[in-house]
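*Asks:* Okay, structure incoming, though there's no sequence with it:
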């Protein structure tokens with residue numbers, strides 16, 4: 001009889017260790033997925049000042065638009081750093097989504113304004129930067145999807161019984177998806193056309 005109780009306890013301990021390790025693996029997977037987004041966002045944030053510098057020569061009278069792009073870029077960079085410190089945090093994710101939406105809007109206004117300047121559109125540096133920015137936007141979108149998939153898998157793992165008992169016991173908190181902002185204008189992808 002004591003062997004049966006010992007075997008049951010050993011099975012429960014083995015299950016608990018296995019379930020805990022699975023939760024840790026899922027949490028690390030979504031954190032890594034955000035790190036991939038972060039790499040692409042940093043690349044985009046690095047491209048934007050170069051884009052603004054090229055545009056400055058042609059858009060001398062549009063200083064307000066250029067400053068708005070840089071301010072939005074700096075805000076998004078700060079929000080990205082906050083999320084990188086704690087991926088999945090709801091407040092940080094909301095801040096990033098809002099900052100990214102503002103950046104998308106500012107870049108959209110810059111590109112709309114640039115359409116009125118044919119010399120700027122035909123500038124080789126501007127065309128190359130625009131192409132790199134478009135490529136980076138595609139990579140960001142792909143990385144966001146991978147992140148959201150990893151978060152969904154993690155959240156499902158922490159909510160399913162009996163692993164949810166361990167998740168609560170060891171404080172595995174639900175992670176926040178990286179969602180699009182609410183504004184229809186902000187939801188539009190950056191369209192680069194030269």
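*Replies:* Yes, it's here. All figures in this text were calculated on a predicted structure; none of them were measured in a lab. Residues are numbered from 1 along each chain as shown.
*Asks:* all strands for the chain, in order.
*Replies:* Secondary structure of the chain (DSSP state E): no strands located.
*Asks:* Grab the most central residue of it for me.
*Replies:* Geometric centre of the chain, nearest residue: residue 37, 4.9 Å, by C-alpha atoms, centre = their mean.
*Asks:* Do I have it right that it meets residue 178?
*Replies:* Yes. Look at residue 37 against residue 178 with C-beta atoms under 8 Å: they come within range, at 7.2 Å. Where you see a C-beta, it was placed from the backbone N, CA and C, and this is true even at glycine.
*Asks:* Tell me which residues touch residue 43, please.
*Replies:* Going by C-beta atoms under 8 Å, 6 or more residues apart in numbering, residue 43 touches 136, 139.
*Asks:* State the distance from it to residue 165.
*Replies:* The gap separating residue 43 from residue 165 is 41 Å, by C-beta to C-beta, to the nearest Å.
*Asks:* And for residue 151?
*Replies:* Distance of residue 151 to residue 165, computed by C-beta to C-beta: 21 Å.
*Asks:* now residue 47
*Replies:* Distance of residue 47 to residue 165, given as C-beta to C-beta: 47 Å.
*Asks:* Which of those two has more residues huddled nearby?
*Replies:* Neighbours were counted for residue 47 and for residue 165 using other C-beta atoms under 10 Å; residue 47 has more, 17 against 11.
*Asks:* what's that one in contact with, if anything?
*Replies:* By C-beta under 8 Å, 6+ apart, the residues touching residue 47 are 129, 132-133, 136.
*Asks:* As JSON lines, those residues with distance to residue 92, pLDDT and neighbour count would be great.
*Replies:* Below are those laid out as JSON lines (distance: C-beta to C-beta, whole Å; pLDDT from 0 to 100; neighbours: other C-beta atoms under 10 Å):
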{"residue": "129", "distance to residue 92": "29", "pLDDT": "90", "neighbour count": "21"}
{"residue": "132", "distance to residue 92": "27", "pLDDT": "93", "neighbour count": "17"}
{"residue": "133", "distance to residue 92": "24", "pLDDT": "91", "neighbour count": "20"}
{"residue": "136", "distance to residue 92": "22", "pLDDT": "93", "neighbour count": "20"}
